[in-house]
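Trainee: Provided below are the primary sequence and the corresponding predicted coordinates.
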Amino acid sequence: MSEQKIKNTLCENLEFCEERLSLIQTQYRLCAESLSEYLLTKHGADNIAVAYEEFKSLLPSNKSVACAVFFKTVVKSTRPTTQKRCEAVFELLGMNESARPGSHGRISYVRNKYNDIAFENFSSIIRNAKLSYASSFASACEDVISGVCEYAILPIENASDGRLFGFYSLIDRYELHICATAYVETNDDIGSSIRFALVGKNAPKRIENDDLCDFEFSIARENGSRLSDLLHAAHEFSAVPQKTDTVSLEYDRDLYKHYLTFSISCEEAYAFALYLSFEYPNYTPIGFYKAE
């Protein structure tokens with residue numbers, strides 16, 4: 001047999017296997033969806049946790065993809081198609097708290113030229129935006145918690161240091177969420193910029209169902225554990241990884257915190273957030289906002 005015939009035969013075999021693999025994957029998802037529907041009907045929509053535990057106990061392997069299918073089925077069976085999914089996402093992430101009287105549109109930040117520019121950028125998406133100066137970044141966060149202001153502005157990333165974990169710690173400490181981001185040029189010789197976040201507990205109403213959003217969250221995992229299962233599941237929600245950072249936890253060197261950002265449609269985000277909340281006990285939502 002000539003070399004060319006050997007190559008042709010092997011390529012044909014590969015093509016055949018790819019077709020079969022695609023069919024098998026489709027059948028696998030259909031079986032997972034059917035099992036999900038059966039268990040959700042059996043246990044009822046109010047007992048998702050019970051249905052999910054039984055679902056996982058019946059899976060032979062490759063659980064991440066099947067688990068993603070389960071939560072897509074949950075959303076399909078419990079959420080009317082006419083309801084805006086974004087509202088459900090904000091509710092699930094704790095980003096729908098009503099602003100206290102007098103705080104509407106008020107934004108707290110530490111005054112400097114870059115923060116001033118960030119305020120100008122954010123004021124375009126906040127109705128009747130009003131500024132309020134704070135003595136420190138922690139004080140700006142406290143202004144939101146105390147109800148003096150609706151939002152605060154924090155720097156979260158720059159060209160030299162990347163993600164600014166100290167400010168992410170502030171967001172976590174005060175249980176705030178990133179509601180929007182903006183880049184501000186620093187006017188230096190290398191043309192770098194600072195990324196600022198508008199943080200609060202009430203997301204600006206500027207996201208529609210078909211908008212592409214950035215979904216930021218963190219999970220803590222043991223040293224050596226892989227994120228492949230999460231990435232496989234994310235693919236089922238059409239979530240595309242944009243940024244990943246990992247830091248060790250001070251109180252336990254065997255634990256690492258992964259900060260992840262995915263690009264995802266608002267239509268799929270609710271199911272993905274549900275999956276994360278059930279599958280990862282140390283999952284913490286950080287922000288959900290329209291991609292810039």
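Mentor: Perfect, thanks for sending it. Numbers count the residues shown, from 1 in each chain.
Trainee: mind showing which ranges of the chain have poor pLDDT?
Mentor: Within the chain, the stretches with pLDDT under 70 are 1, 6-10, 62, 79-85, 188-191, 206, 208-210, 222-225, 251-253.
Trainee: care to break it down by domain?
Mentor: Domain assignment for the chain, taken from automatic domain parsing, gives 3-78, 106-200, 207-290.
Trainee: Please identify the helix or strand for Ala180.
Mentor: Counting by DSSP states H and E, the element that carries Ala180 is strand 177-185.
Trainee: just the strands in the stretch 1-150 of the chain please.
Mentor: Here the stretch 1-150 of the chain has its strands, by DSSP state E, counting those that start in this stretch, at 106-110, 130-134.
Trainee: Output those as JSON lines; include the columns mean neighbour count.
Mentor: The way it works is simple: take the backbone N, C-alpha and C, and place the C-beta from them, glycine included. Output for those, formatted as JSON lines (neighbours: other C-beta atoms under 10 Å):
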{"stretch": "strand 106-110", "mean neighbour count": "24"}
{"stretch": "strand 130-134", "mean neighbour count": "16"}
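Trainee: closest to Cys266 out of these?
Mentor: Cys266 lies closest, by C-beta to C-beta, to one member of the strands of the stretch 1-150 of the chain: strand 106-110, at 24.1 Å.
Trainee: what ranges do the helices span in the stretch 151-292 of the chain?
Mentor: Using DSSP state H, counting those that start in this stretch, the helices of the stretch 151-292 of the chain run over 165-173, 228-236, 266-279.
Trainee: what sits up against the longest one?
Mentor: Spelled out, that is helix 266-279. 48-49, 52, 67-68, 70-72, 74-75, 79, 85-86, 88-89, 92-93, 207-211, 213, 215, 217, 219, 233-234, 237-239, 262, 264, 283, 285, 288 (C-beta atoms under 8 Å, 6 or more residues apart in numbering).
Trainee: Count residues in the vicinity of Ser123, would you?
Mentor: The local packing of Ser123 (other C-beta atoms under 10 Å) involves 16 other residues.
Trainee: typo on my end, it should be Asn96
Mentor: By other C-beta under 10 Å, neighbour count at Asn96 equals 15.
Trainee: what does Ser22 give?
Mentor: Residues lying near Ser22 (other C-beta under 10 Å) number 10.
Trainee: separation between it and Cys67?
Mentor: As judged by C-beta to C-beta, to the nearest Å, Ser22 and Cys67 stand 21 Å apart.
Trainee: Pop out the phi and psi values for the nearest residue in space to Ala220 that is not next to it in sequence.
Mentor: In space, Ala220 comes closest to Asn282 once its chain neighbours are excluded; the distance is 3.8 Å by C-beta to C-beta, 6 or more residues apart in numbering. Phi and psi for Asn282, reported as degrees, to the nearest 10, are phi -100, psi 20.
Trainee: and the longest strand along the chain, what does it pack onto?
Mentor: Counting by DSSP state E, the longest strand found in the chain is strand 252-265. Counting contacts by 3 or more C-beta pairs under 8 Å, 6 or more residues apart in numbering; DSSP states H and E, strand 252-265 packs against strand 212-222, strand 240-249.
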